[in-house]
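1. This is the structure alone, sequence omitted:
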């Protein structure tokens, strides 16, 4: 590629549809919104059982988004796309989010942060199975990020149930494998992919919830109901659509870097909205985590196209 061509490309104005503009915006949405969902889930669990909570969240979000897209004239998924969306949704939302809700009844937030932040490492492993290993800079960023999560949790009480910790580990692995698997399958286009996955996952979550003896509360608290609404609109429709966009247009290491930012964002929301205490380990851990994310982001920007 010539210098002239490079200069022309650099001088061209970037539109709002340019991935170089949308990817940073989508990542910002992921970092802030999904970081706050830990607190939202905790509030919702005050009244709603875990699997019915996740099922209702994705059912409401899926129906709303699918109905809006069909009203706008977007074609429904093909049978093949439905099958792929169902399997991906089962991994990402059924196992991924459902098990997080299950675990948050049993483990401390520190264990949850460590387990969820391990997801990019599993993503790199599963992507390597398809010949897409992280490059050197991305590997450095992953290592720094995981080290930051460890520091973040040094001052936390990591005493929690083994069942909850195992559930979080399985959730991280399922989310990572689903992300790597879906990149190589024919999926519904754009937001329709989000809607299809949420609809399919909601059915599985509701079946598991009712089969496990869960039931809806007779008198849920206002805070728990508002938390479900927030999880459905922001945590599901907006953030999940942003995640699928980044997953499609960027390498897995960048798409999954949100897991490193979620713990410090969750701590900040806990301080602001729940009066939680932030210690020196929390502050140092946050700084290391954000530095690791910056390394991954720069590695993506400097990577030359194949």
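-> Received it, and whenever you're ready, just let me know what you need. None of the values given here were measured: they were computed from a predicted structure.
2. what residues are up against residue 39?
-> By Cβ atoms under 8 Å, 6 or more residues apart in numbering, the contact list for residue 39 reads 266, 269, 270, 273, 274. Backbone N, C-alpha and C define where each C-beta goes, glycine included.
3. In which helix or strand does it reside?
-> In this structure, residue 39 is located in helix 35-44 according to DSSP states H and E.
4. Quick check: ChimeraX command selecting the buried ones in the contacts of residue 39.
-> Buried members of these, identified by 16 or more other Cβ atoms under 10 Å, are gathered into one ChimeraX selection as follows:
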select :266,269,270
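5. Among the contacts of residue 39, name the ones in strands.
-> Secondary structure from DSSP state E places none of the contacts of residue 39 in strands.
6. Need the contacts of residue 39 in JSON lines (columns: pLDDT and distance to residue 147).
-> Shown next, in JSON lines, are the contacts of residue 39 (pLDDT from 0 to 100; distance: Cβ to Cβ, whole Å):
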{"residue": "266", "pLDDT": "82", "distance to residue 147": "18"}
{"residue": "269", "pLDDT": "84", "distance to residue 147": "23"}
{"residue": "270", "pLDDT": "77", "distance to residue 147": "22"}
{"residue": "273", "pLDDT": "82", "distance to residue 147": "28"}
{"residue": "274", "pLDDT": "74", "distance to residue 147": "27"}
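7. May I see the contacts of residue 39 arranged in CSV, with distance to residue 193 as well?
-> Below are the contacts of residue 39 laid out as CSV (distance: Cβ to Cβ, whole Å):
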residue, distance to residue 193
266, 26
269, 28
270, 32
273, 31
274, 34
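8. Out of the contacts of residue 39, which sit inside helices?
-> Counting by DSSP state H, the part of the contacts of residue 39 found in helices is 266, 269, 270, 273, 274.
9. Am I right that the first one is in contact with residue 36?
-> Yes - contact status for residue 266 versus residue 36: in contact at 7.2 Å, counting by Cβ atoms under 8 Å.
10. Now the common contact residues for those two.
-> Counting by Cβ under 8 Å, 6+ apart, nothing touches both residue 266 and residue 36.
11. so who does residue 48 touch?
-> Neighbours of residue 48 in contact, by Cβ under 8 Å, 6+ apart: 56, 216, 217, 220, 224, 228.
12. ranges for the helices of the stretch 51-200 of the chain?
-> 79-89, 98-103, 109-117, 119-129, 136-152, 162-182, 191-211 (DSSP state H, counting those that start in this stretch).
13. So which of those helices is nearest residue 258?
-> Closest of those to residue 258 is helix 119-129, at 8.8 Å (criterion: Cβ to Cβ).
14. Report all helices and strands that that closest one contacts.
-> On a contact count with 3 or more Cβ pairs under 8 Å, 6 or more residues apart in numbering; DSSP states H and E, helix 119-129 meets helix 136-152, helix 162-182, helix 252-255, helix 258-274.
15. tell me the most buried of those helices?
-> Ranked by mean neighbour count under mean count of other Cβ atoms under 10 Å, the helices and strands packed on helix 119-129 are led by helix 252-255, which reaches a mean of 25.
16. and residue 184, how many neighbours does it have?
-> For residue 184, the neighbour count with other Cβ atoms under 10 Å is 11.
17. Flag the shaky bits of the stretch 201-306 of the chain, pLDDT-wise.
-> For the stretch 201-306 of the chain, the stretches flagged by pLDDT under 70 are 276, 297, 300-306.
18. can we see that at 50?
-> 304, 306 (pLDDT under 50).
19. May I see the helices and strands packed on helix 119-129 organised as TSV, with distance to residue 290 added?
-> Converted to TSV, the helices and strands packed on helix 119-129 look like this (distance: least, Cβ to Cβ, whole Å):
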stretch	distance to residue 290
helix 136-152	8
helix 162-182	20
helix 252-255	14
helix 258-274	7
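20. Quick one, which of those helices gets closest to residue 234.
-> Per Cβ to Cβ, nearest to residue 234 of the helices and strands packed on helix 119-129: helix 258-274, 12.5 Å.
21. How far does the closest one sit from its chain's centre?
-> Put simply, helix 258-274 sits 14 Å off its chain's centre (Cα atoms, centre = their mean, to the nearest Å).
22. Next: stretch 262-280.
-> 19 Å.
23. Repeat that for stretch 198-213.
-> 19 Å.
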